[in-house]
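>>> sequence plus predicted model, see below.
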Amino acid sequence: MSVSELALFSGTPAFAIPLHVGAPNVGDRARLLERIEDILDRRWFTNDGVYVREFEQRIAELVGADHCVATCNATVALELMFRAVGLEGEVIVPAHTFVATAHALEWQRITPVFCDVDPATHNLDPARIEERITPRTTGIVGVHLWGRGCDVEGLQAVARRHGLALLFDAAHALGCSHAGRMIGTSGRAECFSFHATKFCSSFEGGAVTTDDDALAEKLRLMRNFGFVGRDRVDYVGSNGKMTEVAAAMGLTSLESHRQFIEVNRRNHALYTRLLSAVPGLAVLAHDPSERHNWHYVVVEVDADRAGLGRDALLDVLAAENVLARRYFFPGVHRMEPYRSRQDPDALELTVTDRLEASILQLPTGTAVDEASIRVVCAIIAAACAHGEAVARRLAAGGRPA
Ligand code: T4K
């Protein structure tokens, strides 16, 4: 591809319809519609229905947990999990995560205290946690980012030493393993997301998995306003229930989850092979001894070697209708209300800041075919090969809206 063919230089955009990161995977439509017809016929739409129960059972089996409590989304699942475990005061979390991890704490007036991550794993660095512990700290929340398991053993050791609760945000990690065990039972509980953009979706949805019987029971009550019987309430509860239609979609997605993983794996391998020819670009690899859902294609851009920075690449791709993302720029610690309230030194999370400035995510999943990936990689290669011309063009106002 020559530089003049790039849409930034008045070429035609490579894609007529935007190519998204997170375009949903769709399982067997006929099966989904059959389930929805059944839901309509039976006139049972929500409140612990048969589809929700079946979905919970399937998730519990998949992750090897004794219990799964399905919810309307993962943000509410996190809120319920934090509250049911009794977190308060301060809780240590990574800033390199989706803002929901921190908001779910803040929403309950628990202060998220941000800790840096390990550059190799992008996950909480156990060696950096102790410097963040204060007398008010009650817990640690690890995030298995991009579906790669946290250093669970390292985090357990710190949590044990300081008597802290250990919980996990596993929103990205369905179908992934750590140390040969499925993610879902590390710590006291873990949360999954089934949002449309996740590889296995229930339109919107979430779940908490745990081996703790009492905690699961409490979560079930809290999810349903705290009702313990028709007229009796024992807890301050919320409405965190998953609907039957969401569960129907979740079950249908789960039935195809192996195919989705296979497509993701092939896409990931193709991106890795094609982009390995571009100096300064590295697709984040996964440990071949673990199970993975390959849902995120994360590329680290070394601007000096690539000839172009991450943001310039995003602009080049956007002009071509490839809507790559820069998750989780600028880092939760640099978003409000957290940014204003921190002392400036605490804002300096060196690894997090470097990652937020240098990584991007490329479109994958069943909505993206091999030919499209080849075009995306050709655009990236051409832009990097002509980095100076591209940078000049962007500086002159070629930046897409
Ligand atoms: N913890 C972590 C670590 C998370 O990553 C998340 C969510 C959560 C907790 C909370 O889970 P939920 O409460 O959402 O269950 C998206 C998702 O909305 C969010 O679920 C996800 N993480 C995050 C990583 O990505 P945005 O702000 O990028 O959403 P949005 O609407 O811009 O969608 C992303 C892309 O997907 C767009 O490029 C368009 C495309 N898309 C989106 C939807 C909804 C489609 O093609 N079709 C669709 O139906 O956050």
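Everything's here; your move.
>>> which strands and helices sit next to the top strand by length along the chain?
Longest strand in the chain by number of residues, with DSSP state E as the criterion: strand 137-143. Secondary-structure packing of strand 137-143 (3 or more CB pairs under 8 Å, 6 or more residues apart in numbering; DSSP states H and E): helix 74-85, strand 90-94, helix 99-106, helix 152-162, strand 165-169. The way it works is simple: take the backbone N, C-alpha and C, and place the C-beta from them, glycine included.
>>> could you give the secondary structure assignment for the spatially closest residue to His195 that is not a sequence neighbour?
Excluding the flanking residues, the one nearest His195 by CB to CB, 6 or more residues apart in numbering is Glu204, at 6.0 Å. Following DSSP: H, G, I helix; E, B strand; the rest coil, the label given to Glu204 is coil.
>>> for Glu204, give me its contacts.
Cys72, Asn73, Phe194, His195, Ala196, Ala246 (CB atoms under 8 Å, 6 or more residues apart in numbering).
>>> in the stretch 301-401 of the chain, what residue is nearest the ligand?
In the stretch 301-401 of the chain, the residue that lies nearest the ligand is Leu323 (5.2 Å; CB to the nearest ligand atom).
>>> and the pLDDT at that residue?
What the model reports as pLDDT for Leu323 is 98.
>>> let the chain start at 377 from now.
Fine by me, first position is 377 from now on; the one you just mentioned is Leu699.
>>> the ligand contacts on the stretch 477-626 of the chain?
By the rule CB under 6 Å from any ligand atom, the part of the stretch 477-626 of the chain lying against the ligand is Thr477, Val519, Asp545, Ala547, His548, Ser569, His571, Ala572, Thr573, Gly582.
>>> quickly list what the closest residue to the first one other than its chain neighbours is bridged to.
What it means is Thr477. Nearest in space to Thr477, with sequence neighbours left out and distances taken as CB to CB, 6+ apart, is Asp545 at 4.9 Å. Counting by DSSP bridges, Asp545 is bridged to Val519, Cys567.
>>> count the residues that sit near Asp545.
When neighbours are counted by other CB atoms under 10 Å, Asp545 registers 27.
>>> mind listing what it touches?
By CB under 8 Å, 6+ apart, the contact set of Asp545 is Ala450, Leu454, Thr473, Thr477, Val517, Gly518, Val519, His520, Glu566, Cys567.
>>> out of these, who's nearest the ligand?
Ala450 (3.3 Å).
>>> for the closest one, give me its contacts.
Contact analysis of Ala450 by CB under 8 Å, 6+ apart lists Ala476, Asp545, Ala547, Cys567, Phe568, Ser569, Phe570, His571, Gly581, Gly582, Ala583.
>>> report pLDDT for the closest residue in space to Ser665 that isn't next to it in sequence.
In space, and not counting its chain neighbours, Ser665 is closest to Gly556: 7.5 Å by CB to CB, 6+ apart. At Gly556, the predicted lDDT confidence score is 95.
>>> Gly626 now?
For Gly626, the pLDDT comes out at 98.
>>> where does it fall, secondary structure wise?
In the assignment (DSSP states H and E), Gly626 maps to helix 620-631.
>>> got the angle between the helix or strand following that helix and helix 620-631?
Downstream of helix 620-631, the next assigned helix or strand under DSSP H and E is helix 633-651. Angle, helix 633-651 to helix 620-631, by axes from the mean of the first three to the mean of the last three CA atoms, to 10 degrees: 60 degrees.
>>> following helix 633-651, which helix or strand comes up?
Downstream of helix 633-651, the next assigned helix or strand under DSSP H and E is strand 657-659.
>>> what is that following strand packed up against?
Contacts defined by 3+ CB pairs under 8 Å, 6+ apart place strand 657-659 against helix 633-651, strand 673-677.
>>> which among these is found nearest to Thr726?
strand 673-677 (15.3 Å; CB to CB).
>>> CA-only coordinates of the closest one in CSV, if you can.
Extracted in CSV, the C-alpha atoms of strand 673-677 (Å, rounded to 0.1, in the frame of the first residue of the first chain):
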residue,chain,number,x,y,z
VAL,A,673,-5.8,-7.8,20.3
VAL,A,674,-3.6,-5.4,22.3
VAL,A,675,-0.7,-3.8,20.4
GLU,A,676,2.1,-1.9,22.1
VAL,A,677,3.6,0.9,20.0
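>>> who touches the following helix or strand past that strand?
Next in sequence after strand 673-677, counting helices and strands by DSSP H and E, comes helix 679-682. Helix 679-682 has contacts (CB under 8 Å, 6+ apart) with Val654, Pro655, Gly656, Leu657, Gly685, Arg686, Leu689, Ser734, Cys760, Gly763.
>>> nearest residue to the middle of this protein?
For the chain, His548 is the residue whose C-alpha lies nearest the centre (CA atoms, centre = their mean; 3.9 Å).
>>> ok, and the closest non-adjacent residue to that residue?
Nearest non-adjacent residue to His548, counting by CB to CB, 6+ apart: Gly523, 4.6 Å away.
>>> the one you found: neighbour count?
Close neighbours of Gly523, defined as other CB under 10 Å, add up to 25.
>>> check contacts around it.
Contact analysis of Gly523 by CB under 8 Å, 6+ apart lists His548, Ala549, Leu550, Gly551, Cys552, Ile559, His662, His668, Asn669, Trp670, His671, Tyr672.
>>> how close does the fourth one get to Ile435?
Taking CB to CB, to the nearest Å as the measure, Gly551 and Ile435 are separated by 10 Å.
>>> what do you get for Arg524?
Look at Arg524 and Ile435: by CB to CB, they are 20 Å apart.
>>> again, but for Gly602
To Ile435, Gly602 is 23 Å away according to CB to CB.
>>> pLDDT wise, what is Ala777 at?
For Ala777, the pLDDT comes out at 44.
>>> what of Ala436?
With respect to pLDDT, Ala436 has a value of 98.
>>> same check on Val461?
On pLDDT, Val461 comes in at 97.
>>> pretty sure Ser380 belongs to a helix, no?
Yes. Using three-state DSSP, the assignment for Ser380 is a helix.
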